[in-house]
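Q: coordinates for the following, if possible.
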Amino acid sequence: MDLDKTIDAYHAAAGAFARGDPEPVKALWSRRDDVTLANPFGPAVRGWTAVSEALDHASSRFRNGEMNEVDRLATYTATDLLTMLEREWWKAKVGGDDHVSAFELRVTSTFRLEDEAWKLVHRHADPIATSDPRGPLRSSPG
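A: A predicted model of the protein is given here:
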């Protein structure tokens, strides 16, 4: 799969994740021991088993959701490695709440070329607290 298709699949998989299904996201991850994940629902973890468990836990916190927008702020690409800084806008029922909440995440993701396929090897996502949910860093679409 080429890099652009992998990134598109990664963003599309977030929709399933926001509905409580981690499998499309997990399918994009490397299975190697050096993968890392840091998300708002627990400590940072390393290794595929720990990452898989953390993804299961995080997705179990979401219901009836979607990731409805992504704004890429920066991309750094080498021959076999890509890192992106993005802002993601989500809507979901979180935890036991029956109301849909809107929230924004700042996300750093790293993909590595493995056996001719791009695989996710790192994701760090955390919520952004601002008075303006679009914030001053938003770049112009286009």
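Q: switch to C-alpha atoms for all contacts and neighbour counts from now on
A: Will do.
Q: longest helix in the protein, by residue count?
A: Counting by DSSP state H, the longest helix found in the chain is helix 3-18.
Q: pLDDT of that one, averaged?
A: Computed over helix 3-18, the mean pLDDT rounds to 94.
Q: which parts of it are buried?
A: By neighbour count on 16 or more other Cα atoms under 10 Å, the buried set for helix 3-18 is 6, 7, 9, 10, 11, 12, 13, 14, 15, 16, 17, 18.
Q: distance between it and the chain's centre?
A: Centroid displacement of helix 3-18 relative to its chain, using Cα atoms, centre = their mean, to the nearest Å, is 8 Å.
Q: ditto for stretch 11-30
A: Computed by Cα atoms, centre = their mean, the chain-centroid distance of stretch 11-30 equals 8 Å.
Q: with stretch 66-84 instead?
A: For stretch 66-84, the distance to the chain centre is 10 Å (Cα atoms, centre = their mean).
Q: next one: stretch 118-127
A: For stretch 118-127 - counting by Cα atoms, centre = their mean - the centre lies 6 Å from the chain centre.
Q: contacting residues around it?
A: 1-3, 6, 28-30, 34-40, 103-113 (Cα atoms under 8 Å, 6 or more residues apart in numbering).
Q: where along the chain do the helices fall?
A: So, for the chain - with DSSP H - the helices run 3-18, 23-26, 48-60.
Q: on that earlier part again, how about the buried residues of helix 3-18 in CSV, adding distance to residue 99?
A: Shown next, in CSV, are the buried residues of helix 3-18 (distance: Cα to Cα, whole Å):
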residue, distance to residue 99
6, 32
7, 30
9, 28
10, 26
11, 24
12, 23
13, 22
14, 19
15, 18
16, 18
17, 18
18, 14
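Q: I am finished for the moment; much appreciated.
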